[in-house]
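[1] everything below, folded, please.
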Amino acid sequence: MRRPDPTVWSERSRESRRPGPFTDDEMGAYDAKGFHIEEGLLTPAQVQGLWSEFDRLSADPAVAGSGAIVREAGTDAVRSVFAVHRHSRLIDALARTPRILNRARQILGSEVYIHQSRINAMPGMVGKGFGWHSDFETWHAEDGLPSPRALSLSIALTDNFAFNGGLMLMPGAHRTYVPCVGATPDDNFRESLTEQKVGVPSDDAVYDLGYAFGIEQFTGPAGSALFFDSNSMHASSNNITPYSRANVFLVFNSVENAPVAPFCGNEPRPSHVADRDVVPLTPLDGTEFS
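    From the prediction side, this is the model:
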């Protein structure tokens with residue numbers, strides 16, 4: 001169905017547009033495609049600091065004990081670490097860096113908070129991909145987000161190539177909402193974080209969207225970043241190369257889009273997967289993440 005909501009929420013009129021780091025042309029392109037790629041968002045030193053945090057969090061028994069670490073099926077390889085902004089002061093500072101936070105505010109037209117944060121790893125040779133899906137389908141059904149007034153920021157911690165599982169997106173497909181058929185099982189997150197089978201579009205829907213909109217890919221050196229709408233149709237393939245891939249994800253949601261009871265009728269997902277604390281993020285005091 002046609003999405004009734006805007007993509008750029010401050011763009012309802014040019015006069016009401018919220019100022020921020022994005023240029024008018026970049027805002028227009030984001031509105032049309034549902035995503036924006038920013039090369040060199042972070043320096044090599046900043047990337048190295050985040051990679052060190054990923055190593056630390058992956059080995060922290062307290063983080064594992066909280067349920068925040070998801071492993072590849074049948075292996076000890078780390079697939080994802082969740083709630084990284086809660087476990088790392090460095091990543092919390094990253095989310096509140098003005099040149100990042102103000103981009104989220106500019107697109108969503110309001111103050112924002114972190115709905116979800118994670119580091120997704122795609123280990124060399126064994127990393128499994130993520131099938132085609134829209135994040136908003138899950139966040140609406142299982143977390144209770146009323147509308148797609150949210151966006152994700154993915155920052156490459158390693159070089160993202162076309163052949164090591166780089167994220168694929170369908171430009172323009174964010175304007176089409178694909179409801180997914182079937183009931184959501186209780187505690188679906190336990191399986192879906194390893195392999196999502198519920199809340200995904202049908203093959204026919206993927207064919208229709210793919211031929212209508214085409215596919216582009218997020219590639220680039222470490223430090224590159226992708227901002228993308230919560231209803232973007234995206235996926236990644238398996239990584240059968242020796243080159244591991246890892247990206248940190250920050251999901252910004254508008255404080256005016258606070259979660260309500262999940263629309264699937266089940267209990268909300270745990271807070272390390274979907275944070276329900278909607279206190280607005282405050283920017284770092286005149287400084288940058290480092």
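
[2] next helix or strand past the lowest-mean-pLDDT helix or strand in the chain?
    Least confident helix or strand of the chain, by mean pLDDT, DSSP states H and E, is helix 189-192 with a mean of 58. Downstream of helix 189-192, the first helix or strand assigned by DSSP states H and E is helix 203-213.

[3] using PDB, list the CA coordinates for that following helix.
    Extracted in PDB, the C-alpha atoms of helix 203-213 (Å, rounded to 0.1, in the frame of the first residue of the first chain):
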ATOM      1  CA  ASP A 203       8.800 -13.300  -2.800                       C
ATOM      2  CA  ASP A 204       6.200 -11.800  -5.100                       C
ATOM      3  CA  ALA A 205       6.400  -8.500  -3.300                       C
ATOM      4  CA  VAL A 206      10.200  -8.500  -3.500                       C
ATOM      5  CA  TYR A 207      10.000  -9.200  -7.300                       C
ATOM      6  CA  ASP A 208       7.500  -6.400  -7.800                       C
ATOM      7  CA  LEU A 209       9.500  -3.800  -5.800                       C
ATOM      8  CA  GLY A 210      12.800  -4.900  -7.300                       C
ATOM      9  CA  TYR A 211      11.700  -4.500 -10.800                       C
ATOM     10  CA  ALA A 212       9.900  -1.300 -10.000                       C
ATOM     11  CA  PHE A 213      12.700   0.400  -8.100                       C
END
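
[4] which elements pack onto it?
    Using 3 or more Cβ pairs under 8 Å, 6 or more residues apart in numbering; DSSP states H and E as the contact test, the elements touching helix 203-213 are strand 233-236. C-beta here means a position set from N, CA and C on the backbone, and glycine is covered the same way.

[5] for this structure, which segments count as helices?
    Listed in chain order, the helices found in the chain under DSSP state H are 24-33, 44-58, 61-65, 84-87, 89-95, 98-108, 135-141, 189-192, 203-213.

[6] which residues touch residue 140?
    146, 148, 263 (Cβ atoms under 8 Å, 6 or more residues apart in numbering).

[7] go ahead and confirm the second one touches residue 251.
    So the one you mean is residue 148. No: in this structure, residue 148 is not within contact of residue 251 by Cβ atoms under 8 Å, at 11.7 Å.

[8] may I ask which of the contacts of residue 140 has the most neighbours?
    Counting neighbours by other Cβ atoms under 10 Å, the top entry in these is residue 148, with 26 neighbours.

[9] that one and residue 50: what is the separation?
    27 Å (Cβ to Cβ, to the nearest Å).

[10] look at the residue nearest to residue 212 when sequence neighbours are not counted and report its pLDDT.
    Excluding the flanking residues, the one nearest residue 212 by Cβ to Cβ, 6 or more residues apart in numbering is residue 173, at 7.4 Å. What the model reports for residue 173 is a pLDDT of 98.
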